[in-house]
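# Here you go, sequence then predicted model.
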Amino acid sequence: MTLSTGQQHQNNSLMAISDLEFTRLRDLIYQRFGINLTEQKRSLLVGRLQKLMRRLNLPSFSAYFEYLDQDKTEAGLSELVDLISTNHTYFNREKDHFDYFSETALPAVIERLKKQHRKDLRIWCAGCSSGEEPYTLLMLMMEYLGADYSSWDAGILATDISDRALTVARRGTYAMDRVMQLPEQLRRKYFIPAGQGEMAVCDKVKKEATFRRFNLMNTTFPFKKPFQMIFCRNVMIYFDQPTREALVSRYHQHTEPGGYLFIGHSETLGRTQTRYNYLKPALYQKGEL
């Protein structure tokens, strides 16, 4: 395939990165974020970082590495992960997960909690991106529980490594085309117009979402109670097999017996490589005690 003149000019203008510099940055990204950048991602890394490096007046990738190493606030690392991660999503993405949640998983969890005389519904969206997933789950919870929702200790914990994505999530305002995949009933009930071509999640939904920055590479999780459901969809595609297995093991430790793990449809755990029971593609359940 022949590159266009514009593509040739863009490639020629990329800053040079040595093998050692690429290895150091790739290892840092892997150690801190679990993201496995192969050699094929080399030009992508350079392309996404060069504008930042010019703004910081850093002449080389070695200088950039030293800048990250000396930054005790870790603001530079946060900016780095914003640049290399992709936060493309929209409401009702992988719709059958939301159907299963509202028709099967949520009723089963609610019934089990009622039998235990409990009303603490604990759901974690790990890698929540710009907020579409947790907001959709909250709407479905409110629909299912109706007037009884307020009597539950519910809500959703939504975490991500990207400050940029979390800022969008907390704002809760989205372009119309990202909302249109939702059923009209939900759009009418839980959104309000927010200027030209945008819609905002209503306050009663927004206040039920707790957004936090959290690194899934933390070797221990700080949660005191387990979750009935964990959503980690289209996150582990960036991880290699050992990183995925270690993360899923931590998820399993923090899932209640009978609880669910949802992953992306392009991901798999391997049926023999996880303590979760396989239910269907991209959906697993922890065994009962």
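Looks like it came in fine.
# going forward, measure contacts between C-alpha atoms and count neighbours the same way
Fine.
# Now Ala105. Nearest residue, chain neighbours left out?
If the residues on either side of it in the chain are set aside, Ala105 comes closest to Tyr260, at 7.6 Å by Cα to Cα, 6 or more residues apart in numbering.
# Let me see the contact set for the one you found.
Listed by Cα atoms under 8 Å, 6 or more residues apart in numbering, the contact set of Tyr260 reads 105, 228-230, 283-286.
# And the residues you listed, which is closest to Ser129?
Closest approach between those and Ser129, by Cα to Cα: Ile230, at 14.6 Å.
# Quick one: name whatever helix or strand follows the helix or strand encompassing Leu49.
Assigned by DSSP states H and E, Leu49 belongs to helix 42-55. Helices and strands here follow DSSP H and E; after helix 42-55, the next one along the chain is helix 61-70.
# Buried residues of that following helix, list them for me.
Judged by neighbour count using 16 or more other Cα atoms under 10 Å, the buried positions of helix 61-70 are 61-62, 64-65, 68.
# from the residues you listed, which single one is nearest Leu44?
Phe61 (14.0 Å).
# Who are the contact partners of the closest one?
If you count contacts by Cα under 8 Å, 6+ apart, Phe61 has them with 17, 21.
# so what pLDDT did it get?
At Phe61, the pLDDT value in this model is 92.
# again, but for Thr38
Predicted confidence (pLDDT) for Thr38: 86.
# right, and the helix or strand after the helix or strand where Thr159 lies?
Using DSSP H and E, Thr159 maps to strand 156-160. For strand 156-160, the succeeding helix or strand toward the C-terminus, using DSSP H and E, is helix 163-171.
# so that following helix versus strand 156-160, what angle?
Here helix 163-171 runs at an angle of 150 degrees relative to strand 156-160 (axes from the mean of the first three to the mean of the last three Cα atoms, to 10 degrees).
# State the mean pLDDT of helix 163-171.
The model assigns helix 163-171 a mean pLDDT of 93.
# Please, where are all the helices along this structure?
Ranges of helices within the chain are 5-12, 19-33, 42-55, 61-70, 75-84, 95-100, 106-115, 132-145, 163-171, 176-179, 184-190, 203-206, 241-253, based on DSSP state H.
# so of those, which one's packed in deepest?
By mean neighbour count, with neighbours taken as mean count of other Cα atoms under 10 Å, helix 132-145 ranks first of the helices of the chain at a mean of 20.
# Tell me what Leu175 is bridged to.
Check again: residue 175 is Ala, not Leu. Bridge pairing for Ala175 (DSSP bridges) gives the partners Glu198.
# so who does it touch?
So Ala175 contacts 197-199 (Cα under 8 Å, 6+ apart).
# 10 Å instead?
Ala175 makes contacts with 90, 194-200, as judged by Cα atoms under 10 Å, 6 or more residues apart in numbering.
# Closest to Leu182 out of the residues you listed?
Nearest to Leu182 among the contacts of Ala175, with distances taken as Cα to Cα, is Tyr90, at 9.4 Å.
# low-confidence ranges in the stretch 1-150 of the chain?
Along the stretch 1-150 of the chain, segments meeting pLDDT under 70 span 1-14, 86-88.
# Give me the nearest residue to the spatially most central residue of the chain, chain neighbours excluded.
A centroid search over the chain (Cα atoms, centre = their mean) returns Gly127, at 1.7 Å, as the residue closest to the centre. Distance criterion Cα to Cα, 6+ apart; nearest residue to Gly127, sequence neighbours excluded, is Asp160 at 4.5 Å.
# any idea how far that neighbour is from Leu28?
From Asp160 across to Leu28, the span is 19 Å (Cα to Cα, to the nearest Å).
# now Glu79
In terms of Cα to Cα, Glu79 sits 14 Å off from Leu28.
# Good, wrapping up.
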